[in-house]
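Engineer: Requesting a structural model of the entry that follows:
(one chain, ligands or ions: 1)
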Amino acid sequence: MTAQPASANKFMTLERHIVEGERMHPNATGHLSSLLHSVSLAAKLIWREVTKAGLVNILGTTDRMNISGDVVKKLDEFADRTMYKTMDHSGDLCVMASEENEDILQIPDDYPQGKYVLIYDPLDGSGNIDANITIGTIFSVYARVSKSGMGTLEDVLQPGFKQVAAGYLLFGSSMMFVYCTGEGVHGFTLDPSVGEFLLSHENIRIPARGTIYSVNEGNSGRWEASMQRYIRYLKEEEKESGRPYSLRYIGSLVADVHRTLLYGGIYCYPGDVRNPNGKLRLMYENNPLAFLVEHAGGAASDGRRRILDIKPTSLHQRVPLFIGSREEVRLAGEFLAGTR
Ligand code: P6P
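Structural biologist: A predicted model of the protein is given here:
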């Protein structure tokens, strides 16, 4: 029998990938692996509810607004609770922070405090839930900075370049788990017949340029002149050079960024005259996605500064986001800086 290429022999599950990644770090304690396993369990529990959401009374909204002023959907609340309860007892974390909760989330007293911090958006794009459009969960992992005991706000408010891992869950036509611990960005697809995440997108690399731009043009009337000029350039002048751009906008950040990661191009959520800092949250959305896209060879800025260099000042701070192919983010920055 001819020898199979290594990749064909490898039945690479997420669990095996995490363990083999840990083995690359002799001083690893196993806590990051344990944390990632817990996130993958939470992913399956959320996916189970998402797939049957249309059949049971879990669609629709609660009577709550979150700190960001978004109406909380029932599935939001379920995902938020599932992430916390799956992670609170493992001894891997000293503190958590969820986009759905105003303050940091302490680990219950009867559980051990761990060395990591988990920050997550439990269900991004939830406005699309009832229309069966792809939604997702975004997570970000830091090492604690406080020495011991219960985690603090200081442990959470770290700049994005301090992340040790980040990833997202994608609840779409299939369920995906995409993550990075610093050694490449890898995508896994759930095989429901065995309940395992199998490696489907090894070492994702984003194209240096692309022909898709993703932005809510409904806001264009409130954009700064530089942003208006940038989008006009993509739509008009670029066509003369024979490189027409297409507009794709799902309105679900995880889905729009996942497409950008695979196909190239740029996703923009700029500030505008009404909301100078835009809509997206630095800690829960921009930082983890910027970590992933940079590790895949792309870039992420707020139009002027590298996202990962921004020193956070508050838990729910909003920051404009331009993320995607390196050349596209650079071009956007030139327009916003007024040099184009
Ligand atoms: P708009 C969803 O609420 C979200 O936070 C992101 O998932 C999405 O990209 C963005 O807001 C959509 O915002 O203003 O275009 O509807």
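Engineer: Going by C-alpha atoms from here, please, whenever you check contacts or count neighbours.
Structural biologist: Will do.
Engineer: can you list the residues of the stretch 201-340 of the chain near the ligand?
Structural biologist: Applying Cα under 6 Å from any ligand atom, we find that the stretch 201-340 of the chain lies next to the ligand at 216, 251-253, 280.
Engineer: So which of those residues wins on neighbours?
Structural biologist: In terms of neighbours by other Cα atoms under 10 Å, those top out with L253 at 24 neighbours.
Engineer: quick one: buried residues of the helix or strand containing M227?
Structural biologist: With elements taken from DSSP states H and E, the one containing M227 is helix 225-235. Burial within helix 225-235, assessed by neighbour count using 16 or more other Cα atoms under 10 Å, is assigned to 226-231, 234-235.
Engineer: any idea how far S246 is from the residue of the stretch 101-250 of the chain found nearest the ligand?
Structural biologist: When Cα to the nearest ligand atom is the measure, the stretch 101-250 of the chain has its nearest residue to the ligand at G125, with 3.7 Å between them. In this view, G125 and S246 are 22 Å apart by Cα to Cα, to the nearest Å.
Engineer: Those two: who's more crowded?
Structural biologist: Residue environment comparison for G125 versus S246 gives the larger neighbour count to G125, 20 against 14, counting by other Cα under 10 Å.
Engineer: Which residue ranges make up each domain of the chain?
Structural biologist: Taking automatic domain parsing as the domain assignment, the ranges for the chain are 7-201, 212-337.
Engineer: which one of these is the most hemmed in?
Structural biologist: Among these, the stretch with the highest mean neighbour count (mean count of other Cα atoms under 10 Å) is domain 212-337, at a mean of 20.
Engineer: hey, where'd the helices end up in the chain?
Structural biologist: Assigned by DSSP state H, the helices in the chain fall at 6-9, 14-23, 31-52, 74-87, 153-156, 225-235, 237-240, 253-263, 287-295, 326-336.
Engineer: for F322, what are its contacts?
Structural biologist: With contact set as Cα atoms under 8 Å, 6 or more residues apart in numbering, F322 has these partners: 266-270, 300-303, 329, 332.
Engineer: Alpha carbons of stretch 77-93, as PDB, please.
Structural biologist: Once side chains and other backbone atoms are set aside, the C-alpha atoms of stretch 77-93 remain, and they are given as PDB (Å, rounded to 0.1, in the frame of the first residue of the first chain):
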ATOM      1  CA  GLU A  77     -29.000  35.000  27.400                       C
ATOM      2  CA  PHE A  78     -28.700  31.200  27.000                       C
ATOM      3  CA  ALA A  79     -25.200  31.600  25.300                       C
ATOM      4  CA  ASP A  80     -24.000  34.000  27.900                       C
ATOM      5  CA  ARG A  81     -25.100  31.600  30.800                       C
ATOM      6  CA  THR A  82     -23.600  28.600  29.000                       C
ATOM      7  CA  MET A  83     -20.200  30.200  28.400                       C
ATOM      8  CA  TYR A  84     -20.000  31.200  32.100                       C
ATOM      9  CA  LYS A  85     -21.300  27.900  33.600                       C
ATOM     10  CA  THR A  86     -19.000  25.800  31.400                       C
ATOM     11  CA  MET A  87     -16.000  27.800  32.400                       C
ATOM     12  CA  ASP A  88     -16.500  28.900  36.000                       C
ATOM     13  CA  HIS A  89     -15.400  25.700  37.800                       C
ATOM     14  CA  SER A  90     -12.300  24.600  35.800                       C
ATOM     15  CA  GLY A  91      -9.600  26.300  37.800                       C
ATOM     16  CA  ASP A  92      -8.300  27.800  34.600                       C
ATOM     17  CA  LEU A  93      -9.600  31.300  35.000                       C
END
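Engineer: hmm, who's touching that stretch?
Structural biologist: Among residues not part of stretch 77-93, those counted as contacts by Cα under 8 Å, 6+ apart are 31-32, 34-35, 38-39, 41-42, 45-46, 96, 98, 100, 107-108, 111-118, 121-123.
Engineer: what's the answer for stretch 159-167, then?
Structural biologist: The contact list for stretch 159-167 (Cα under 8 Å, 6+ apart) reads 138-143, 177-182, 283, 287-289, 291-292, 307-312.
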